[in-house]
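# Provided below are the primary sequence and the corresponding predicted coordinates.
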Amino acid sequence: MNLSRRHLFILIVGLTTWACSFCVFAVELDNTLNLAFVADRQEPLIDVIDVKKGKVVYTIETGFPVDNLVVSPYTPVLVYTSAQQPLAVFYDLADKKVARQVELDFSPRHLVLDTTGLKAAATDSEGGGFALLSLTSRSLMFQLESFPATTDVLFDPNDVDIYFTNPANASLGVLNINSRTVREFPLADHSPQALSAPSRSLDGRHIYVANQTAGEVYSINTFSKQTFRTFAIGSAPARPFTTPQGSFLYVMDEISGRMAIIDQGAFQEYADVQFEHGVNAAAVGRFDRFGVLLSTENRRFSIYDNAHKTTVLNAQFKAQPLEVFGSADGRTAFVAFADSAEIAMIDLESQAVRYFEATRNGAAAFTMGLSNNVCH
């Protein structure tokens, strides 16, 4: 059969379109261990990234712009929320469709995954409120409308206690999931105080909280709920960071660029570092060796060698960082940007930086299916 050039062109275009559509449909999203997720800052879209290939492989239409998202490394469920939408959406990654929407009694401005990857907690730092979500049953476990206004909560590895800070009372709070009761322990004599979200040591024995009002970071014993050590770091201490192997605690100042590195074994200062820029976020690689230190307030970043106590790179991103995560194998750090439709991949050992396109307008939220970041 002879085909004219026009008919042949139409046939090729049709076959190409069908093949591309089939490829998009055939993308498997159920193995979240190899995926990252970034929500667009303006449009109702979430891009799904294959972290091994370093590219977007799928886009989820959400119906509204997303402010927060979490994904389980053990079950193919993505949960996303918006401060303007009082609901949590459970998205089935295997079937590529919304599985359930749950209405909430407050604006879920913060969303955190637990240590097992099977539950998530939503809170509101303005009006208060708390919700515990099950990713396995894709349901609301319970809500607490009278919960204090707080930012990110912290799940204890015992899977029973949830820690939070209450700036209005200058206290550390503990929510028992089983009894649904709250206890609070004062951290300062006067209130209110500007407290960070809590972080923890790898073994769960110490909780760390930064107090920007006092310029201090507290180390609180989880058994006695008493302050064990206090570190004076500067005028604006950031939320503390625990390195993946548990060797070090990073105590950072957002303004001066000072970072004190604390040996978590002896609880003594290991190093005192001065960067050229303020730092409030970190990702550390294998063996707690190389770490990328950055700020969500400027474009500068540094890579620090913990073993040799030296800065090996000072550089600048193309845009304003929003969030940073270390890969599960500790070889790479991924950075999302608030004002650029790109993701940066940083090889922590060679210090090479590569960018690839993601989102259309920059990121509103960013997470990975599995990361070696353990402090939150």
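Looks like it arrived, so ask away. Numbers count the residues shown, from 1 in each chain.

# number of nearby residues for Glu276?
For Glu276, the neighbour count with other C-beta atoms under 10 Å is 10. No exception for glycine: its C-beta is placed from N, CA and C like everyone else's.

# what sits against it?
Gly257, Arg300, Ser302, Asn314 (C-beta atoms under 8 Å, 6 or more residues apart in numbering).

# Next: Asn211.
Residues counted as contacts of Asn211 (C-beta under 8 Å, 6+ apart) are Leu187, Ala188, Gln193, Ala194, Leu195, Ser196, Val217, Tyr218, Pro237.

# Please apply the same query to Arg109.
So Arg109 contacts Asp67, Asn68, Ala83, Thr123, Asp124, Ser125, Glu126 (C-beta under 8 Å, 6+ apart).

# where does this structure have low pLDDT?
For the chain, the stretches with pLDDT under 70 are 1-25, 375-376.

# how about 90 then?
Applying pLDDT under 90 to the chain flags residues 1-27, 30, 85, 158-159, 265-267, 276, 374-376.

# At which residues are the helices of it located?
5-26 (DSSP state H).

# Would you show me how to pick out the buried ones of the contacts of Asn211 in PyMOL?
To isolate the buried ones among those in PyMOL, judged by 16 or more other C-beta atoms under 10 Å, type:
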select buried, resi 187+188+193+195+196+217+218+237
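
# Make TSV out of the contacts of Asn211 and add distance to Tyr208.
Output for the contacts of Asn211, formatted as TSV (distance: C-beta to C-beta, whole Å):
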residue	distance to Tyr208
Leu187	11
Ala188	15
Gln193	15
Ala194	15
Leu195	11
Ser196	9
Val217	6
Tyr218	7
Pro237	10
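
# still on that earlier bit, among the contacts of Arg109, which ones are buried?
Asp67, Asn68, Ala83, Thr123, Asp124, Ser125.

# closest to Leu140 among the residues you listed?
Thr123 (14.2 Å; C-beta to C-beta).

# picking up where we left off before, TSV for the contacts of Glu276, including distance to Ala210 and neighbour count?
TSV is the format used below for the contacts of Glu276 (distance: C-beta to C-beta, whole Å; neighbours: other C-beta atoms under 10 Å):
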residue	distance to Ala210	neighbour count
Gly257	16	19
Arg300	21	19
Ser302	20	21
Asn314	24	14
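
# Narrow these to those in strands?
Using DSSP state E, the subset of these located in strands is Arg300, Ser302, Asn314.
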